[in-house]
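1. Give the three-dimensional model of this entry:
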Amino acid sequence: MKTEDEEIEKEEIEEPENEIDNDDAIEEETEESLENDESKLEQDFNKLKDDYVRLYAEMDNMKKRAQAETEKTIKFAISSFAKELLGVADNLERAIAAMSETKDSCADLLKGVELTQNELTKVFEKFGIKRFNHIGQKFDPNFERVVQEIDDPKAESGTILSELQAGYTIHERILREAMVIVAK
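-> Numbering: from 1, shown residues only. Below is the predicted model of the structure:
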C-alpha cells in the first residue's frame, strides 16, 4: 500500500509532464498562428503592391493622354483663324488672275499682290497650312466638293477638270475642301 506521501510525490512528478505537453502544444499553435499571420501579411502586401503598380500605370497613361490632348489642342487652335484667312488668299489669287490679262498697265500692282500672296503662303506653311491641288486626278469626296459636272470627251468620268475654290489642310487634316468641276 502506498502512503499518502508517495501518492503526492507521484502527482507532483506527473504534473510537470503535463505542463511540458501543454507548453509544446501552445508553442505549436503559436507557430501556426504566426505562419498564418505571415502568409496573410504577404498576401496583403502583394495585393497592395499590385494595386500600386496598376495605379502608377494608370496615372502614367492619363498623363500621356492629357499631354497628347494638349498638343492636339495647341496644334489646331488656329483653325478658325486660318479658315478666315483662306478667303484673303482666294481674293489675292483672283486679283492676280485678273491683272495678268492686262499685265502691261498694272505691272507694279501685280508684283505687289504677288509678293503679298507669297508672304501669306509662307505664313500658312509656318503654321502647317497647305494648299492641295488635285486637278487631273479622280474626285475624292474627302478632299473636294463637286459644284458642277460637265461633259469632256478627253477626260474619264469623275476626273477633276478645274477648281473654283482651292482646298487646304492644316497638319494633314482638312481645313477646307476644294470646290471643283468634274467630268461626267
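2. and the helix or strand containing Leu115, which residues are buried?
-> Leu115 belongs to helix 107-126 when assigned by DSSP states H and E. By neighbour count on 16 or more other CB atoms under 10 Å, the buried set for helix 107-126 is 110, 113, 117, 120, 124. (Glycine included, C-beta is placed from N, CA and C.)
3. now the closest residue to Ser79 other than its chain neighbours: how far from Asp90?
-> For Ser79, ignoring the flanking residues on the chain, the nearest one in space by CB to CB, 6 or more residues apart in numbering is Ile170 at 6.0 Å. Distance, Ile170 to Asp90, by CB to CB, to the nearest Å: 16 Å.
4. Tell me which of the two has more neighbours.
-> Ile170 (19 against 14; other CB atoms under 10 Å).
5. thinking again about what came up before, thought the residue nearest to Ser79 was touching Ala77?
-> No - look at Ile170 against Ala77 with CB atoms under 8 Å: they stay out of range, at 10.4 Å.
6. How about the secondary structure of the residue nearest in space to the middle of the chain?
-> Centroid check for the chain by CA atoms, centre = their mean gives Ala68 as the closest residue, at 5.0 Å. Ala68 carries the three-state label helix when classified by DSSP: H, G, I helix; E, B strand; the rest coil.
7. Tell me how far it lies from Met62.
-> 11 Å.
8. Kindly report the same for Ser157.
-> For Ser157 relative to Met62 (CB to CB), the value is 51 Å.
9. go on, Lys47?
-> To Met62, Lys47 is 22 Å away according to CB to CB.
10. pretty sure Ala82 contacts Glu125?
-> No - counting by CB under 8 Å, Ala82 does not reach Glu125; the two are 11.7 Å apart.
11. Would you mind splitting the chain into its domains for me?
-> 1-77, 78-183 (automatic domain parsing).
12. Mean neighbour count, these: which tops it?
-> Most buried of these, by mean neighbour count (mean count of other CB atoms under 10 Å): domain 78-183, with a mean of 14.
13. For the protein, just list every one of the strands.
-> Along the chain, the segments classed as strands by DSSP state E run 129-132, 144-150, 160-165, 167-170, 173-176, 178-183.
14. Is it possible to get TSV of the ones you listed that adds mean pLDDT and distance to Tyr52?
-> Listed next are those as TSV, based on pLDDT from 0 to 100; distance: least, CB to CB, whole Å:
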stretch	mean pLDDT	distance to Tyr52
strand 129-132	90	46
strand 144-150	92	54
strand 160-165	91	57
strand 167-170	92	42
strand 173-176	90	39
strand 178-183	93	54
